[in-house]
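Undergrad: Here's my sequence, what's the structure:
(chains A, B, C and D)
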4 protein chains.
Amino acid sequence: MNFCSDNTAGVSPEILDALAKANVDTAMPYGADALTKKVEQRFNDLFECETSVYLVTTGTAANALALGAISPSYGSIYCHKDAHINCDECGAPEFYTSGAKLVTLPGPNGKLHQGEVEAALSATDDAVHHTQPAAISISQASEAGTVYGPGEIHHLSHVAKEYGLYLHMDGARFANALNTLGCSPADMTWKAGVDVLSFGSTKNGTMNAEAVVFFNDKIGKSIGYKRKRAGQLQSKMRFIAAQWDAYLENDLWLKNAAHANTMAQKLVKGLEGIAGCELYYPVEANEIFISMPELILQKLESAGYAFYRWHDAHCPVIRLVTSFNTNEKDVDGFIQTALNAQTE
Amino acid sequence: MNFCSDNTAGVSPEILDALAKANVDTAMPYGADALTKKVEQRFNDLFECETSVYLVTTGTAANALALGAISPSYGSIYCHKDAHINCDECGAPEFYTSGAKLVTLPGPNGKLHQGEVEAALSATDDAVHHTQPAAISISQASEAGTVYGPGEIHHLSHVAKEYGLYLHMDGARFANALNTLGCSPADMTWKAGVDVLSFGSTKNGTMNAEAVVFFNDKIGKSIGYKRKRAGQLQSKMRFIAAQWDAYLENDLWLKNAAHANTMAQKLVKGLEGIAGCELYYPVEANEIFISMPELILQKLESAGYAFYRWHDAHCPVIRLVTSFNTNEKDVDGFIQTALNAQTE
Amino acid sequence: MNFCSDNTAGVSPEILDALAKANVDTAMPYGADALTKKVEQRFNDLFECETSVYLVTTGTAANALALGAISPSYGSIYCHKDAHINCDECGAPEFYTSGAKLVTLPGPNGKLHQGEVEAALSATDDAVHHTQPAAISISQASEAGTVYGPGEIHHLSHVAKEYGLYLHMDGARFANALNTLGCSPADMTWKAGVDVLSFGSTKNGTMNAEAVVFFNDKIGKSIGYKRKRAGQLQSKMRFIAAQWDAYLENDLWLKNAAHANTMAQKLVKGLEGIAGCELYYPVEANEIFISMPELILQKLESAGYAFYRWHDAHCPVIRLVTSFNTNEKDVDGFIQTALNAQTE
Amino acid sequence: MNFCSDNTAGVSPEILDALAKANVDTAMPYGADALTKKVEQRFNDLFECETSVYLVTTGTAANALALGAISPSYGSIYCHKDAHINCDECGAPEFYTSGAKLVTLPGPNGKLHQGEVEAALSATDDAVHHTQPAAISISQASEAGTVYGPGEIHHLSHVAKEYGLYLHMDGARFANALNTLGCSPADMTWKAGVDVLSFGSTKNGTMNAEAVVFFNDKIGKSIGYKRKRAGQLQSKMRFIAAQWDAYLENDLWLKNAAHANTMAQKLVKGLEGIAGCELYYPVEANEIFISMPELILQKLESAGYAFYRWHDAHCPVIRLVTSFNTNEKDVDGFIQTALNAQTE
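TA: Prediction:
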């Protein structure tokens, strides 16, 4: 009954099986093992292109390494004001870039807006007094649970190219966004102009397994050294690779994301009809931001449902996150409890 | 038949069981779960004192976070010239300390020598032109596979205190050293003057599970923020905590280390008698540095035994590392192959 | 006829005299000379308290060193969105703090507004995911040429203390602000709650002579080392000290600032009456932001008057800066040219 | 009577004159002035090639900026163990490179030895565990007061090129070395393979005026931004440029260096004959390292002669530095006092 976040879930049984299966023989450490090689090839197949892949264990590390590869210390990185990289990583991008500046922009529904980005960039120049535009970073799905269409990504990448910037995608919930769009991983990334992707799997059923994926062969050359000096090169790498292997095998990742998204839609449908309940953002992946009357929230909380209160204004907004193993019964129970509270 | 490193081994079955057992229900992320709390208490019990514990996934991260907590950017950290932090972490300490300087010192058998440290420190002053002595770092067991006795540690800590420095211990092979000494974890650390420990378990049977342990409550206050901004705060922390829990349960860690050390001694005994084979360092844990005739090495290599050639001089020195799951048959086979090569 | 900036001016004759007078005998380098000691005492007298003074050559260095002394790498520094530290120092604060985050806030007339700061701070918490509020930074005079009254500073320092933050003042135009307020240097700084001041003199008649002044003896302990490693410890320091000595002698600094401010007011009076000319900010020091018709601007430019176009909208806003040696004839000429343009 | 260092001297009268002459009219700040342009051209003429020049105020800043331009954060910089960048800049190179590692090597007479450098480099590989060789840095004249011949520089640059490294020259005493060699500035730098030079003038008669000079157009592209964010871009740059202009005009710099070197040789000749006095290093520029009996040193000190005691062993070694304005009478007096002390 925990809707706080998708990382409160455990892992898919397939992931545990893969760990057990990988636990045979000896294997060379630090990624020089067969499973890591296999996974690197899997990424090429999945994205239908040559990629450079760097496995890490946290999304913060993936984002920060990616940004460190595309921004100099005197760079500016343009992101939404609510972006995870700006709000929730305690300055990791600043640390890994040796002090670059995140320039935060407004934008509806938690998404960067092409117009805002262009306005910001058109006001820049190459004077030494100013940090220099280096990258645009978007989150797919966004912190607001919304999803950029390939066209929107393409527009942003067009602006990026016009100003000589790289485009980074924070894909902590990549699978959920992909499920929504129904397009290919390539369509949602390099074909739309993304240069580097933080590809998350932890929130969707694995155990601390993330990846930085470079599509642009002009960047990322030195990331092997930077990953090591960041303490992000895992010694027994095969156990990270094994998870990725199982995650991508038999579409486990897509099935997991589909379930999470379905549960989110079910929640939305159940709650929308309740008086005083109003969506704060469109629900396009597995996160729901919804305002609900305080009375209902208290009933839900006493019934044991866990969630975050996002804005605690007079009409509070809460966040509900579903995951690959969200129990449908919990969704039904949540809705029923809210309905009952309303009618009491 | 892989003697390259103890991190070529997989994990103990108990570790996989613990992961499976932890995979129930939801759990709050980022260390706010019950297993992490339990493990923190375990560390207090193990070390017989109040500790502050920060779980991470690599030894490099543990070392770098620890050093970042005890050295300012303008600090100097004194370590053996062959120390892992100096030679094999691609500058991670420099990164996490924002540019501190490692001052490397010679010392017999891969260990820092009190006299060398005192000589170096006595030549320092507080002039602004010079980085300021901040910490001494030792590895237990050392990179040479040797072990500091509690008395030696105490002497170094005495020097550290005299000059106002902190003492850090890189315990990537902490269990192996402890098995050799037969003393308590407290005796080998804070009772001997260690302020902060990088406590490794990965090389001894877990899956990328390391810890920074502070014994001195004056330091480490800000490490939570620094761990996060380093991308080292694991989202599904319970799966790191579960490993530590199982590792310390029923003395698994001590049994694993005892096996590795026993296998190392068996190898030593078997190889010492062979003509042309000579130990390079005393074997005090699970690493053997030994010079062997080229002819024997080639026979071993063609027989499928894997190991690192350390110095490739006219009489080459190789490194053999045993682990918790080194097969006794492989040890016997290695010795027999060497013996046969000799007599051919 | 250059109104671009006060740093287009040369230096006061007294400054050149002081350099010549200091050029006798040998003197110990790096601040161990008698003149530097004398200047340190001067600062104590001037501010009526014990200060710690660090001379540097640029305002950017002064600001960045000051901020590096009061914010950890995981800190946030609250400043106006137009602050020099945010817009015009190419990320120097990020560099010197090892990657802290500048949180930019709106505020009328280029000044931080207590309410905005409180709102921002009240939304923070001590979770490890978030950079931690460390400091508030204000510019006196501000980038908009406005001046904080001692009461306003006191209010901001009150908020700072409530949240455990330090208060930094960027005093690149300290003398100009002081002239406007007519209060004592102590009233405008530590008595109003300022912990550390970037005290500028370059824009007001010296040759690259700036200072970081700490009023709070809990901070700044390590800045000597940080100044050195930043390459900001001048070898022949006596020549920086000599300038400060002459600058503060016989109120040269106050006279210089008074002239600059008087010229600014004269310009304002002359331009205000012209149709289409409208002040953009109140003029409270030596900077004027004023919108003027394009036609007038072109006449002024062809007549040889130099200034920056600040916003180039359909009704452009320009910035005019006066200095210690702005020629009254140039002011008169500027006004007359604008008047003539209007009536053509 | 101060032989502590050449930076205890003041400045040449020509430098003061140049400052006064530059103090007319307004000039655009931050290097956009005519004098800076003129000086940039002067450097091209002086070095007989296209250079990129960045003026700064300290040698530490020049060195650190130069090294930051040629080493990534994960780089290693090879230098003599006594190099100023390693011993006397409080970690500035580490700061400006975001944490690169200085690898210190022994070498006779304070100079890097080709063989030692080759040995160190031949032991490196491109594994991610190791910082990557990026640059060799030499000091000309060295910290020991010795001078590399063009051939020696060429040999080191040959090694650098072989391993893909850049060659940096710390020229804090560039003029003194040039005077000794009698070759052209080009011969001593880019023609011998130097990629970037820290060109000092402060120790030889100016007032905190240093320069970074790039000869290799593949590097230094971003140094303008890095200089700014380091707080090293001077606002009233014309006053730094004016000094360089006067310094290079009419061979002032060469005359100044010749005087310093001549005074050093005079000292050497006078002291060599005294019993118990023995040169520690060959004297090839304006620094003398000489062991002298304690009794003589005490007489010199009580007579008011100032110098640094370098090694305070049972036979102490002192350092004597002469400068552009060392008084010949002081040299004679020093020698006479030493002679008298001996014969008492």
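Undergrad: separation between residue A:99 and residue D:236?
TA: 27 Å (CB to CB, to the nearest Å). Heads up, the C-betas are built off the backbone N, CA and C, glycines and all.
Undergrad: how many neighbours does residue A:162 have?
TA: Residue A:162 is flanked by 11 other residues according to other CB atoms under 10 Å in any protein chain shown.
Undergrad: repeat for residue A:255
TA: By the criterion of other CB under 10 Å, residue A:255 has 17 neighbours.
Undergrad: which stretch of helix or strand covers it?
TA: Secondary structure assignment for residue A:255, by DSSP states H and E: helix A:252-272.
Undergrad: which residues touch whatever helix or strand comes next after that helix?
TA: Sequence order places strand A:278-279 as the next helix or strand after helix A:252-272, per DSSP H and E. With contact meaning CB atoms under 8 Å, 6 or more residues apart in numbering or on different chains, strand A:278-279 is reached by A:268, A:272, A:288-291.
Undergrad: How about the residue nearest the centre of chain A, nearest residue that isn't a chain neighbour?
TA: Nearest to the geometric centre of chain A sits residue A:172, at 1.9 Å (CA atoms, centre = their mean). The shortest distance from residue A:172 to any non-neighbouring residue, by CB to CB, 6 or more residues apart in numbering or on different chains, is to residue A:200 (4.0 Å).
Undergrad: and the one you found, backbone torsions?
TA: Backbone torsions for residue A:200, taken as degrees, to the nearest 10, come to phi -90, psi 150.
Undergrad: Let me know the pLDDT of it.
TA: Per-residue pLDDT puts residue A:200 at 98.
Undergrad: how many neighbours does it have?
TA: 25.
Undergrad: Hmm, residue A:173 and it touching each other?
TA: Yes. Judged on CB atoms under 8 Å, residue A:200 makes contact with residue A:173 at a distance of 6.6 Å.
Undergrad: got the contact list for the helix or strand where residue A:198 lies?
TA: Here residue A:198 sits within strand A:196-200, counting by DSSP H and E. With CB under 8 Å, 6+ apart as the test, strand A:196-200 has contacts from A:59, A:62-63, A:66, A:69-70, A:166-174, A:189, A:210-216, A:219-220.
Undergrad: which ones among those residues are found in strands?
TA: Judged by DSSP state E, the contacts of strand A:196-200 include A:166-171, A:210-214 as members of strands.
Undergrad: Of those - the most surrounded one?
TA: Counting by other CB under 10 Å, top hit in the ones in strands among the contacts of strand A:196-200: residue A:169 with 31 neighbours.
Undergrad: which residues sit in contact with it?
TA: Here residue A:169 is in contact with A:137-140, A:153, A:189, A:194, A:196-198 (CB under 8 Å, 6+ apart).
Undergrad: Same question for residue A:243.
TA: Counting by CB under 8 Å, 6+ apart, residue A:243 touches A:11, A:15, A:18-19, A:201, A:206-207, A:209.
Undergrad: residues of the helix holding residue A:255 that come out buried?
TA: For helix A:252-272, burial by neighbour count (16 or more other CB atoms under 10 Å in any protein chain shown) applies to A:252-253, A:255-268, A:270-271.
Undergrad: still on that earlier bit, include pLDDT and distance to residue B:241 when you put the contacts of strand A:278-279 into TSV, please.
TA: Formatted as TSV, the contacts of strand A:278-279 follow (pLDDT from 0 to 100; distance: CB to CB, whole Å):
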residue	pLDDT	distance to residue B:241
A:268	97	34
A:272	91	39
A:288	98	30
A:289	97	31
A:290	96	33
A:291	95	36
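Undergrad: can you list the residues that contact the lengthiest strand in chain A?
TA: Looking across chain A with DSSP E, the single longest strand is strand A:132-139. For strand A:132-139, contacts defined as CB under 8 Å, 6+ apart pick out A:63, A:67, A:70-72, A:74-80, A:83-85, A:100, A:110-112, A:117, A:121, A:124, A:126, A:148, A:153, A:156, A:159-160, A:163-172, D:225.
Undergrad: Those residues of chain A touching chain C, which are they?
TA: A:73-74, A:87-91, A:94-95, A:97-102, A:128-131 (CB under 8 Å from any CB of the partner chain).
Undergrad: Where helices are concerned, which of those residues count?
TA: Secondary structure from DSSP state H places A:87, A:94-95 of these in helices.
Undergrad: wait, which of those residues is closest to chain C?
TA: Nearest to chain C, judged by CB to the nearest CB, of those is residue A:94 at 3.5 Å.
Undergrad: give me the number of residues near the closest one?
TA: Using other CB under 10 Å, residue A:94 is surrounded by 31 other residues.
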